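have a look; sequence and predicted model below, questions after that.
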Amino acid sequence: MGYLMSIKATLRRWLGRGTVVTLAVVPVGCATANTPEQPAQTEYERNVLIEDFVTEMVRDHGFTPSPLKAVLDQAEKKQSILDAISRPAEKTLEWKDYRKIFITQKRIDGGVRFMRKHRAVLERAEMVYGVPKEMVTAIIGVETYYGRMAGNYRVVDALSTLAFDYPPRAEFFRGQLKEYFILAREEGIDPLSIKGSYAGAMGYGQFIPSSYRHYAVDFDGDKKRDIWTNPKDAIGSVANYFKEHGWGSGEPVVVPASVNGEAINEFLNVSLKPELSVEELAAKGFTPLDRRRYTGLATAMELQGEKGVEHWLGLKNFYVITRYNHSKLYAMAVYQLSQEIKKADQQG
């Protein structure tokens, strides 16, 4: 979710301080959609939802009612959270604009510093999970500016607000609130102590609670999975997330392509998930610019770059990046930032 904060801050500088900026891109595991206004929910209805939630947590997950109620009683409904998640997308960015936000010298330099500071851990993660150190660094750089912008909302406030006061996505966020209480119990942490984004994403890599429980790892052997203050665990967790979603070690991510004919329009920007083979795309007039032989499935993309239209083949590893955030612009930004960080690091 930190990458959304970066985009909004940048756009406000472009458009003026008073401008409200919202975006159509979404965080990992947390898709939201524009929805019509919902009728106001009464306090009674809200209390019923909370009581049902407590009952379910006691019945299905063995929680004791009174401590759970005590935490929920202290959770605060935040109108700013409801405002942030329910605004329509007022500005859709082209790739040329999106790239300017993330491929900056400041973010590249920050990535080099982060990678050098944590090189041993990043290289161990690369060895264990097969994910390049610059890729893990770029994810953390895009999500939270290397841990500097991890969010200021208490996670319990964010998730309870969205679970009990935002009907369009209430089911999803009730599920995340359940996951959050379970992880707090598993990890022995105070559920009132953790801060994150307005959608409940946490730590260096902005994991939502279900992602934390599935993919966070104890990468330094201290028997804790701390993605909030421990960059070692955060690095291992991001790398593990990529591996579990199918990252292919040593495989390419995305390659520039040339186009020929109008048949390409039927499959351009249709799906993030690769559905046609590189050979099938080539037969339809969409081919890699270089002479290397690429195999497997790919997705064909057309982006509006600074110098005009760009065509790209997104390969399997590109799709894996989109599992972190469901946006081809996000995935391209992460990949290109990773390459800039790698190049700057090698240049000394």
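That came in fine, so what should we check first? Numbers count the residues shown, from 1 in each chain.

any low-confidence regions in the stretch 1-150 of the chain?
1-41, 88-91 (pLDDT under 70).

go again with 80.
Scanning the stretch 1-150 of the chain for pLDDT under 80 picks out the ranges 1-42, 44, 87-92.

quick one: the strands in the stretch 101-250 of the chain, in order.
For the stretch 101-250 of the chain, the strands defined by DSSP state E, counting those that start in this stretch occupy 153-154, 195-196.

same list, the ones you listed, but as JSON lines with distance to E266 please.
Just so you know, the C-beta spots here come from the backbone N, C-alpha and C atoms, and that holds for glycine as well. Output for the strands of the stretch 101-250 of the chain, formatted as JSON lines (distance: least, CB to CB, whole Å):
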{"stretch": "strand 153-154", "distance to E266": "43"}
{"stretch": "strand 195-196", "distance to E266": "41"}
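
quick one: those as TSV, columns for distance to I103, mean neighbour count and mean pLDDT too.
As requested, those are exported to TSV (distance: least, CB to CB, whole Å; neighbours: other CB atoms under 10 Å; pLDDT from 0 to 100):
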stretch	distance to I103	mean neighbour count	mean pLDDT
strand 153-154	28	22	97
strand 195-196	25	22	96
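
and stretch 200-209, how far from the chain's centre?
Distance of stretch 200-209 from the chain centroid (CA atoms, centre = their mean, to the nearest Å) equals 8 Å.

tell me how far the ends of stretch 126-137 are from each other?
In stretch 126-137, first residue to last residue: 11 Å (CA to CA, to the nearest Å).

out of the strands of the stretch 101-250 of the chain, which is closest to D83?
Checking those against D83 by CB to CB gives strand 153-154 as the closest, at 12.5 Å.

counting contacts, what elements does that closest one pack onto?
Counting contacts by 3 or more CB pairs under 8 Å, 6 or more residues apart in numbering; DSSP states H and E, strand 153-154 packs against strand 195-196.

from D222, how far off is the residue lying closest to D226 once chain neighbours are set aside?
Leaving out its chain neighbours, the residue that sits closest to D226 by CB to CB, 6 or more residues apart in numbering is D233, at 5.0 Å. For D233, the distance to D222 equals 8 Å [CB to CB, to the nearest Å].

likewise for P65?
Counting by CB to CB, the gap from P65 to D222 is 32 Å.

for E76, same thing?
32 Å.

output the longest strand belonging to the protein.
strand 297-305 (DSSP state E).

adjacent strands (with direction) for that one?
strand 276-277 (antiparallel), strand 308-314 (antiparallel) (DSSP bridges).

so where's the stretch 201-348 of the chain uncertain?
261-265, 291, 348.

and the residue sitting furthest away from the middle of the chain, which helix or strand is it part of?
The centre of the chain is farthest from one residue, G261, which by CA atoms, centre = their mean lies 35.4 Å away. Following DSSP states H and E, one finds G261 outside all helices and strands.

list the contacts for it?
284-285 (CB atoms under 8 Å, 6 or more residues apart in numbering).

how much space separates it from G147?
47 Å.
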